[in-house]
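Undergrad: fold the following and give me the result.
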Amino acid sequence: MIKDHYVAIRRSQGRLGDAVKVMAAVTCAEAAGAALGGIYWGMTGLCAGWAIAASLGGAALLPAVMQVFRGLPAAEAGSSGLSG
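TA: Model prediction:
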């Protein structure tokens, strides 16, 4: 989910080229983690290696995503957006 948000944010900022490079690196890390886990510990290691690499990749992208969400203006108290 974090990776999807990261790409969408960079796309809206007109920085899709940067996102492609970062996502390529994260994807390679996931593949390497899965391959190494699979080599050393079989199917369980493959799954664990991928999960660890995916978690680390998401953690690396989280600051960029949170920076955008912190910059959004807060909704005004008492306004529901409904007329009536």
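Undergrad: what separates residue 60 from residue 38, distance-wise?
TA: In this structure, residue 60 and residue 38 are 23 Å apart, going by Cβ to Cβ, to the nearest Å. Backbone N, C-alpha and C define where each C-beta goes, glycine included.
Undergrad: ok, now residue 24?
TA: To residue 38, residue 24 is 21 Å away according to Cβ to Cβ.
Undergrad: neighbour count for those two, which is higher?
TA: residue 38 (17 against 10; other Cβ atoms under 10 Å).
Undergrad: how about that one: what's its closest non-neighbour residue?
TA: Nearest-residue entry for residue 38: residue 46, 3.5 Å, with adjacent residues in sequence omitted and distances by Cβ to Cβ, 6 or more residues apart in numbering.
Undergrad: now that neighbour: which helix or strand?
TA: Residue 46 belongs to helix 16-70 when assigned by DSSP states H and E.
Undergrad: and the average pLDDT for that helix is what?
TA: Averaged over helix 16-70, pLDDT sits at 95.
Undergrad: count of neighbours near residue 21?
TA: 10.
Undergrad: chain neighbours aside, what residue packs nearest to residue 6?
TA: residue 61 (4.5 Å).
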